[in-house]
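**Q** let me see the structure of the following:
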Amino acid sequence: QVQLVESGGGSVQAGGSLRLSCAASVRTFSSAAVGWFRQAPGKEREFVAGISSGYSTYHADSVKGRFTVSRDNAKKTVYLQMNSLSPEDTAVYYCVAKPTGDVVTPVRLWDYWGQGTQVTVSS
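**A** Okay, the predicted model is just below:
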């Protein structure tokens, strides 16, 4: 059973920073693609960032230059460093994983999901 456990969410003022972490209980973490989605109230879940097993990174246009995804295979953990946060970034953030392959953006192509962590940015 694969489990993804997010941490690091919270409330911050606009312009601030947060770092999300996601610990994965997956034996083959090093070969997995991992990443982050988010869902704001009343909106569809959307891709935020992902990192492949080969350390290639992908970021949504809306977060490029502000958010950075990274991974630590020894700790089986994926991170999302979020800087210059704005109220538009307010959402529940979900950690995702797929056993193999590249980073993809469709929701339906990710096999495992965390329970989500709330990020609230106030103006």
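
**Q** contacts only, for the residue nearest the centre of the chain.
**A** Residue closest to the average C-alpha location in the chain (C-alpha atoms, centre = their mean): Trp36, at 2.2 Å. Counting by C-beta atoms under 8 Å, 6 or more residues apart in numbering, Trp36 touches 20, 22, 48-50, 69, 78, 80, 93-96. C-betas here are computed from N, CA, C, even on glycine.

**Q** what helix or strand does it sit in?
**A** strand 33-39 (DSSP states H and E).

**Q** from Trp110, how far out is the closest residue to Gly9 other than its chain neighbours?
**A** Computed as C-beta to C-beta, 6 or more residues apart in numbering, the closest residue to Gly9 that is not its neighbour in sequence is Thr117, at 3.3 Å. Using C-beta to C-beta, to the nearest Å, we find Thr117 at a distance of 17 Å from Trp110.
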